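J.: Provide a 3D model corresponding to the input given below.
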Amino acid sequence: MRLKGFCTYGLASSRFIIPQKTDFYVVLWLGMSNIVFGFFLYFRELKYSSASLIASFTFFTPFVTLLFIVLLLGEILTVTDCLAAKLLIMNFM
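T.: Alright, predicted model coming up:
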């Protein structure tokens, strides 16, 4: 599958494409919606738990990202990825 404007040959043969105005809107929307949603959840949970407990969940983000990469993009995990995921899970036990 080749996306328009996306070079799959690597960095050496890629070409620069000037972003369109809608590209900036998409990046702005994704950035702002994630920030607003994240802060909303963070401050809502602070009402029910201590800050140290809630802050420890920020270490869970890399594991969730790794899970999404495997499920959505079909990436294959390396040994290092598996060890890192195991360390992150052991952190919560």
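J.: Specify which residues of this protein, grouped into ranges, have pLDDT under the cut-off.
T.: Applying pLDDT under 70 to the chain flags residues 1-14, 92-93.
J.: 90 instead?
T.: The chain contains residues with pLDDT under 90 at 1-43, 45-46, 49-78, 80-93.
J.: Show me the residue sitting in the middle of it in space.
T.: Central residue of the chain (CA atoms, centre = their mean): Thr65, 4.7 Å from the mean position.
J.: Quickly note the distance from it to Ala84.
T.: Note on Thr65: its distance to Ala84, by CB to CB, to the nearest Å, is 11 Å. Where C-beta positions appear, they are placed from N, C-alpha and C, glycine not excepted.
J.: mind listing the helices in the chain by residue range?
T.: Counting by DSSP state H, the chain has helices at residues 21-46, 51-56, 61-73, 79-91.
J.: Kindly reformat these as a markdown table and extend each row with distance to Arg15.
T.: Shown next, in a markdown table, are those (distance: least, CB to CB, whole Å):
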| stretch | distance to Arg15 |
| --- | --- |
| helix 21-46 | 16 |
| helix 51-56 | 43 |
| helix 61-73 | 23 |
| helix 79-91 | 31 |
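J.: starting at the chain centroid, how far to stretch 30-43?
T.: Its chain's C-alpha centre and that of stretch 30-43 lie 13 Å apart, by CA atoms, centre = their mean, to the nearest Å.
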